[in-house]
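> With the input below, show me the fold.
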Amino acid sequence: MKKLLLFTSVAVVVAVLLLLGVRWAERNNRINLSRVRIDNSCMVDSAGIAEVLRPYFGVSLLKLNADSLRTEMQNLPGVDSVTVSIQYPETIVVTFTTGKPAFVLDYGLHQVPVTFLGELLPAGWINSELPVISIVESPDSSVIASAINLFSKYQFDRSVSVQVRNSSIVVTQNGIRIVIDPARALENWRSWRTVSTIVTEQINEVDLRFSHQAVMRSTEET
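Prediction:
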């Protein structure tokens, strides 16, 4: 019983001393945020990161709202997810997971890099190796989304040209134009993969927008 009482007394004293030590450190600004380590920021805008972090510097780590900081960081362009960990006495570590550009939407006057999931990324993430989807006329967003879904499913390389028009998606492969119905893009492409084995050299366009039919047009006809 005496040992238990002694142990309890010591534990209380230690807890009080720790609490007093923490209070002293906080009053003397010894546990305020003064250092941030950024991991895996890749091409995330460093100015945007700095702007988000600025209000947090000088804040006690005991009062720092890591959830709020995480949410603000995730709102930066191109960021998928963020983790924030606190390392006492004065540091936080911010780790990013970012999207990876898979292709480019080319609107003529401007270009937008996009991930395979269809997430838009900052224009600065474009590189010359990315395949391009050309947007012509003024297609509805659902038509563009259908083209993105088709592209992401089959991951075309730069040798394949993809053009999105008002009411069709035109894929040019090996010199042949494949015209697709946006509402049935995946189904149409599966049909193309079936009929492509019987397309002759004289055919330069295959229109798959008609139900269960592949309309083939020769060079002379087009």
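> any low-confidence regions in this protein?
By pLDDT under 70, the low-scoring segments of the chain are 1-31, 219-222.
> which residue is nearest the centroid of it?
The centroid of the chain falls nearest to G99 when counting by C-alpha atoms, centre = their mean (3.2 Å).
> Confirm for me that it is in contact with G118.
No: contact criterion C-beta atoms under 8 Å: G99 and G118 do not qualify, at 10.1 Å. (Each C-beta comes from the backbone N, C-alpha and C, glycine too.)
> burial measure for the closest residue to the residue nearest to the centre of the chain other than its chain neighbours, as a count.
What sits nearest to G99 in space, not counting adjacent residues and going by C-beta to C-beta, 6 or more residues apart in numbering, is T115, at 4.3 Å. Counted with other C-beta atoms under 10 Å, residues neighbouring T115 total 19.
> Tell me the secondary structure of S68, please.
Here S68 is helix, with the state taken from DSSP: H, G, I helix; E, B strand; the rest coil.
> And Q74, how far from L120?
15 Å (C-beta to C-beta, to the nearest Å).
> circling back: tell me the contacts of the residue nearest to G99?
T115 sits next to 99-102, 121 when contact means C-beta atoms under 8 Å, 6 or more residues apart in numbering.
> Just put those residues in TSV and tack on secondary structure and distance to G48.
What follows is the contacts of T115, written out as TSV (DSSP: H, G, I helix; E, B strand; the rest coil; distance: C-beta to C-beta, whole Å):
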residue	secondary structure	distance to G48
G99	coil	15
K100	coil	19
P101	coil	18
A102	coil	22
L121	coil	13
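> Quick check: of these, which lies closest to S168?
S168 lies nearest to A102 out of the contacts of T115, by C-beta to C-beta, at 22.4 Å.
> Just give the closest residue to that closest one, not the sequence neighbours.
In space, A102 is closest to F116, 4.4 Å off (C-beta to C-beta, 6+ apart).
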